[in-house]
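Novice: Sequence first, predicted model second:
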Amino acid sequence: MSVLAVLDPAVALAHAVVAAVAHLVPTALAIVLFTVAVRLALHPLARAAARGEKARARLAPKVAALRKKHRDRPERLREALAEMYREERVSPVAGCLPLLVQIPFFSVMYRLFTTPNDLLDHTLFGVPLGLHVTGAHGAGQWAVFGVLFAGLAAVGFVNFRRARRAAATATAAATTTTTTTTTAQPAPQPGAALLPYLSFGSVLFAALVPVAAVLYLLTTGVWSAAERAWLYRDGTPVPAAALMA
């Protein structure tokens, strides 16, 4: 039995909701609407995460000062940072909440779209929702897959550029902080240069799942990109790790 079988009650509920909407609109559109509805419900968490990131950006100079003051006393530094975050009412882990909450939803949708069911018998412009790209044949089916993958690649490119800018900003800030506290150069984090390229992970993953799941990935990817652009429209850099969500 699959480990994901524990999600079957949630999968059955998601199936029922999508199937109900599919009585009113095409099934492919029902998947899009269901995904948007869930992401809309999660939007308050995204707003809270954005507020937390902006607050941490505002507190960055204080953090640097504390690191300089307690650089030889790690335990005192942790206490001072915890006290500062408590006084400012800022959570150092708020940015992780949207990602953590999305994981169960993603798992449910993955289970729904990779387990044979009646939803996958419907089509998107003539392409069965249960079809994988490796089973595509004919110009029409390849065209549908081409549009979906091009959309995922476009979203990935937007996130890639934002992640590169976020990484450059973080590197510049670290260099400035280090220059003011010590003559040593900051050691680069292992794999940091590869982090922006994870933005294209959904394109690779889409090659392993059927059309219905690709449609979900594209919908949630476009929502995430638009949501971040709106929440960080004041110019506050989006954390590179948050762009993988």
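Specialist: Thanks, I have it. Numbering: from 1, shown residues only.
Novice: Quick check: which ranges of this protein have low pLDDT?
Specialist: Residues of the chain that meet the criterion pLDDT under 70 lie in 1-4, 92-99, 166-194, 235-245.
Novice: Helices of that one, start to end?
Specialist: For the chain, helices defined by DSSP state H occupy the ranges 8-22, 27-69, 74-88, 97-114, 138-181, 201-206, 211-231.
Novice: Can you tell me which of the ones you listed is most buried?
Specialist: Among those, the stretch with the highest mean neighbour count (mean count of other CB atoms under 10 Å) is helix 211-231, at a mean of 21. Bear in mind the C-beta positions are built from the backbone N, C-alpha and C, glycine included.
Novice: quick revisit: as TSV, the helices of the chain with distance to residue 124 would be great.
Specialist: Putting these into TSV (distance: least, CB to CB, whole Å) gives the following:
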stretch	distance to residue 124
helix 8-22	12
helix 27-69	4
helix 74-88	47
helix 97-114	12
helix 138-181	6
helix 201-206	14
helix 211-231	6
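Novice: Nearest approach to residue 120 belongs to which of those helices?
Specialist: helix 211-231 (6.0 Å; CB to CB).
Novice: and the angle from that closest one to helix 8-22?
Specialist: Angle, helix 211-231 to helix 8-22, by axes from the mean of the first three to the mean of the last three CA atoms, to 10 degrees: 90 degrees.
Novice: so helix 211-231 versus helix 27-69, what angle?
Specialist: Using the same axes, to 10 degrees: helix 211-231 against helix 27-69 is 50 degrees.
Novice: Which elements pack onto helix 211-231?
Specialist: In terms of contacts (3 or more CB pairs under 8 Å, 6 or more residues apart in numbering; DSSP states H and E), helix 211-231 is packed against helix 27-69, helix 97-114, helix 138-181, helix 201-206.
Novice: Dump that helix to CSV, restricted to CA.
Specialist: Presented in CSV, the C-alpha positions along helix 211-231 are these (Å, rounded to 0.1, in the frame of the first residue of the first chain):
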residue,chain,number,x,y,z
VAL,A,211,-2.0,16.4,-18.1
ALA,A,212,-4.3,17.1,-15.1
ALA,A,213,-1.3,17.4,-12.8
VAL,A,214,0.6,19.6,-15.3
LEU,A,215,-2.5,21.9,-15.4
TYR,A,216,-2.4,22.1,-11.6
LEU,A,217,1.3,22.9,-11.6
LEU,A,218,0.8,25.6,-14.2
THR,A,219,-2.1,27.1,-12.3
THR,A,220,-0.5,27.2,-8.9
GLY,A,221,2.8,28.4,-10.5
VAL,A,222,1.1,31.4,-12.2
TRP,A,223,-0.8,32.2,-8.9
SER,A,224,2.4,32.1,-6.9
ALA,A,225,4.3,34.4,-9.3
ALA,A,226,1.5,36.9,-9.4
GLU,A,227,1.0,36.8,-5.7
ARG,A,228,4.7,37.5,-5.0
ALA,A,229,4.7,40.3,-7.5
TRP,A,230,1.7,41.9,-5.7
LEU,A,231,2.9,41.3,-2.1
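Novice: I am finished for the moment; much appreciated.
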